[in-house]
Structures are given as structure tokens and as C-alpha cells.
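[1] Fold the following for me, if possible:
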Amino acid sequence: MITAKILDQSYITKKSPYRVMVVDADRKTYNLVKKYMQVEVKIDRASTADTALQMLGLQDYDIIILQLHLPLFSGLGLAERLKRLKPDLTLLPIAEKATDVEVKKIRALGYPAPMNIHSMKDEFEIICEEFIIGERRNRMIKKLKSELKNRYGFDRMLSVSEMVNDIYEKINKVANSRVPVLITGNSGTGKELVARMIHETGDRSQKPFLTVNCAAVPEGLLESQFFGHEKGSFTGAVNRVPGKFELAHNGTLFLDEIGEMSPVLQAKLLRVIEYGEFESVGGIEPIKVDVRLITATNRDLDAMVQEGKFRTDLLYRINVFPISLPSLAERIKDIALLSYYFLRRSCLRNTRQVRYINSGAIRILQEYPWAGNIRELENAVERALILSENIRLTEADFPIQLEWKNKNVGTEMMSITGEKLTTQSIGIKPLKELEAEAISAALLSTEGNISIAAKHLGIGRTTLYNKIEEYNLSQFGTKN
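    Model prediction:
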């Protein structure tokens, strides 16, 4: 299965190691990087800016750690050239004492403010370790997108969740059929994205894909939106205007929030589905169309039928092939993956160079309830990117989520299986069980990195190894 295969691979091999170039004149920075970076990283050193440029012409690098104060050709000048030559390359500026002018110039290029790693060795050690986690996630995204594209023909619904893997299969099965599809799920779960993937992977992909949000169009205009109108059919109708059904002929029409449709329009929609024809507003001749219909809602249509607000026969017609989308709270394993995907996309939109998200921030993102689901997560990551002035996003860059965590501390935690537990559901537990849950949460948020997990838990590596063995938590992995 594709998701299991992705999870089981770290994408760090002898053939494709992470490559880091350290540009420094005195080897101090290089020695610290060698000390703190893991053995799975290939680290090269350049003593001058000219040497660095020559090496970049021969080899691709994942990150450049650049000492700003270099002989002959300044590090700031190299940063300016790299921005022109390799705008997507991650760069971490280093300076024992940077001037205000240097800080402003390096920030204007979209790079983080220079850090003095010689006075911040502990923080730099964590940055080095978390960089590996970040690069692993970035490579996982690239590999997952490639496999999804090869297998299904789409690569935009990233997930390592079994629930979403089932949705992949459903999209694949229904794409070339003619049956109506009803997509259900909370707001922000990606209903329109699924509709587009069904269209784009099916045999109508070269034909029109049109959307109507039934909740966004005033009821009096919705019929004209659907079926069009004839010239003179009402005041202001100076020309004939075709409706969405006519424009989507031989293609796909996606009706979002169909639960907001009035009973009168429901009856007219039923006729189109049953007979493939309709009359425009003010028209007398039927117009025949061949349209693939996909509908979506965040409401309970069965309950609306019971309340007399939605037609039973229409529900039967549109619900031939149902697809239910899980909330983000049900996809906790995907939160880190999606956060990195949105970070990379936001960096491209905002011309920024923020490479990864630290483990503390990932932890609060995994704990947050996300009422707006994936859409809310994407907005939170982009907002954090704009707030951040570092090479990484931290807890402080997510003030809303951090405030929520501080208010709810102790009332919500993650179980060993990664599920959220509330005080109402867990009651009082033995300390050992709570300790096991804290360790499992730390390992989950750091992808099994012992060094970083131990730091966040406030215990030594040996103690953490013993606790993992004691509580049988080896399923989370044990990376050094």
C-alpha cells in the first residue's frame, strides 16, 4: 500500500544524502556543524565565497550555512548572488556580531537574521537535529507526490492516512463512470479538491469543469445560474445567457453546499438528472445536456429529509456514489506532512526562505482542534511564515494555537495510538500511563528522534531509551 511504503522509508541513503555546505574561513562553524549534524548528512566546506560558487556549480546542496564575514568577497555579497542564481536554496547566515545594516540587507533578501552559533550552541544543536526531520518530511512530500501522480494521476491530496488512501481508491474507481457523486465532510476538508481530481483523472478531463456554490448565490438568481435565461425574460435581461448546465455540456458540474438549495430548485434539478434536459428562464424549448454531476455538502442530508427540507428522491439520485472526507482531527498523522507542504507553497508565494517547523510547533499543531480543518491549517502556516524572522517556524509563530494550548493545558493529550483524549474520557490514570503517553507524544512529534524528544521531555537519552523499552514504544522508532 502506498501510504505504508512512504512511512517506512526515511529517504536518507548513501546514494542521496542530505548535502550541507559550510562557508567559513576559520573552520569554527564547520566544526560545530560536523559535531551536531547526524552522520546521514554529507558536509562540505568552502573557505571563500569564490570556492563556494565553484562547488555549487558542481553539486546541488540542501542548505548553505554561510559565515557573513569572509575574506576577499563578503558573505553578504555571496548571499545576494545566491538569491539570483538559486532563489530556492535554503541559506542560514552566521555571524558572531552582525551590524544593523547587515541584518536589514540579509532580511531584505528573504533570509533569516544571522545567528551567533558560538554563543547559542544548544539552540544550534537543536536546529541541526530538527533540520534533518524537516528535510525528511520535505523528501517524503516529494516522493509521495511522485507516487500519487504515477499511480492515480493526481498529487494534490497528500496523506499517509489509511482513511485518505481509501478515498484515493474511490476516486480512481469512479473517475471514468457517469454516476453522480456526493461528497460529504466538514468545511475545509477538501470537497472541491476531490471533485476536481475525479474530473481531471476521468475521461472528461479535457472538457469543462464548472462550480456553483449554492450557499453563495442568492436564491432568486440560482435558477438563472443553473439554467441560463433568454433575452427579455426579466428586466435587465438584454441578451441570452447560458447557464452552468449548458456550459458544462460533456464535462462536469460541481454543486457545492447542495443542502442550501430551495425545494423548488430541487425539483428542477431532479428533472435534469432524470431526463438530461431543462428549460432556461423564459425559454420554451428543452435544452439537452450530458453533464457529469458531483455534489457536496457539510450538512446531514438524511436529517434534512426527515425534517422535510430536502427531497428524498433527489437524495437517492445524487447519492449513488458517496465519498465521506475525514476531518483533520481524524488525520493527526498528516498534520506535520501538510504543514510542511503548505510552508513550502507559502514560501514560494511570499518569496521567503523558511525551511522547516520545529518539533514544539508541530506538537501544538497536532493538538489544536482545527474547526476549519485543512483550510484553517493552511492559513495558520502562511500567517506564521509572515510573522517569522527565522529559518524555522516555532511555537511563537502560531500565537492562536499556542494561546489555545495554554488555556487547555492538562485538559487534552494524545494517547499512545496518537488519538486525542480529553479529561472526560481518560478520568484519573496511573502516573506510569500518563508518562507513557507523554513519551509517545514527544516521539510522534519528533518522528522518533531520541535526542530532540529527550530534550523536550527534560530527561537524558539513556533514560528515554529505558522508558521506551519499559513501555514498549518502539513502534515510534528510535533515531539518534
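[2] which of the residues in stretch 170-187 are buried?
    By neighbour count with 16 or more other CB atoms under 10 Å, stretch 170-187 contains the buried residues Lys170, Ile171, Asn172, Val174, Ala175, Pro180, Val181, Leu182, Ile183, Thr184, Gly185, Asn186. Every residue, glycine included, has its C-beta placed from N, CA and C.
[3] Contacts for that stretch, please.
    The contact list for stretch 170-187 (CB atoms under 8 Å, 6 or more residues apart in numbering) reads 152, 154, 191, 194-195, 197-199, 201-203, 273, 292-298, 301, 317-327, 372-373, 375.
[4] Can you select the buried ones among these for me in PyMOL?
    To isolate the buried ones among those in PyMOL, judged by 16+ other CB under 10 Å, type:
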select buried, resi 152+154+191+194+195+197+198+199+201+202+292+293+294+295+296+297+298+301+317+318+321+323+325+326+327+372+373
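[5] Please enumerate the strands of the stretch 101-250 of the chain.
    Along the stretch 101-250 of the chain, counting by DSSP state E, counting those that start in this stretch, strands occupy 181-184, 209-213.
[6] Make sure Asn250 is actually in contact with Ser205.
    No. Using CB atoms under 8 Å as the test, Asn250 is too far from Ser205 to be in contact (11.4 Å).
[7] These two - which one has more neighbours?
    The neighbour count for Asn250 versus Ser205, taken as other CB atoms under 10 Å, is higher for Ser205 (15 against 12).
[8] residue contacts, the more buried one?
    Ser205 is in contact with His199, counting by CB under 8 Å, 6+ apart.
[9] so what are the domain limits for this structure?
    Domain segmentation of the chain under automatic domain parsing yields 2-143, 162-325, 332-397, 410-480.
[10] looking at these, which is closest to Glu403?
    Within these, the stretch nearest Glu403 is domain 332-397; the backing value is 9.9 Å (CB to CB).
[11] what about that closest one, how long is it end to end?
    20 Å (CA to CA, to the nearest Å).
[12] Show me the longest helix that occurs in the protein.
    Longest helix of the chain, by residue count under DSSP state H: helix 121-152.
[13] ok, and for that helix, which residues are buried?
    Residues of helix 121-152 classed as buried by neighbour count (16+ other CB under 10 Å): 124-141, 144, 148, 152.
[14] Number of residues surrounding Leu255?
    Neighbour count for Leu255, taken as other CB under 10 Å: 24.
[15] Tell me who's in contact with Ala216.
    Applying CB under 8 Å, 6+ apart, we find Ala216 in contact with Glu257.
[16] And the pLDDT at the residue of the chain most remote from its centre?
    Distance to the chain centre peaks in the chain at Ile284, reaching 48.9 Å (criterion: CA atoms, centre = their mean). You'll see Ile284 listed with a pLDDT of 81.
[17] List phi and psi for it.
    Phi and psi for Ile284, reported as degrees, to the nearest 10, are phi -120, psi -20.
[18] Strands along the stretch 251-400 of the chain, start to end?
    Here the stretch 251-400 of the chain has its strands, by DSSP E, counting those that start in this stretch, at 252-256, 277-278, 287-288, 292-297, 321-324, 356-357, 392-393.
[19] Which residue would you name as the spatial centre of this structure?
    Nearest to the mean C-alpha position of the chain, by CA atoms, centre = their mean, lies Leu338 at 2.4 Å.
[20] Count the residues that sit near Asn165.
    When counting by other CB under 10 Å, one arrives at 14 neighbours for Asn165.
[21] thinking again about what came up before, now do the contacts for the residue nearest to the centre of the chain.
    By CB under 8 Å, 6+ apart, the residues touching Leu338 are Leu158, Ile374, Leu377, Glu378.
[22] quick revisit: just tell me which of the strands of the stretch 101-250 of the chain ends up closest to Ser262.
    Nearest to Ser262 among the strands of the stretch 101-250 of the chain is strand 209-213; the distance by CB to CB comes to 13.6 Å.
[23] Which strands border that closest one, and is each parallel or antiparallel?
    Using DSSP bridges, the strands paired with strand 209-213 are strand 252-256 (parallel).
[24] Convert the strand it pairs with to CSV, retaining C-alpha atoms only.
    C-alpha atoms of strand 252-256 as CSV (Å, rounded to 0.1, in the frame of the first residue of the first chain):
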residue,chain,number,x,y,z
THR,A,252,-18.5,18.1,-15.1
LEU,A,253,-20.7,20.4,-12.9
PHE,A,254,-19.8,20.6,-9.2
LEU,A,255,-22.6,21.8,-6.9
ASP,A,256,-21.2,22.7,-3.5
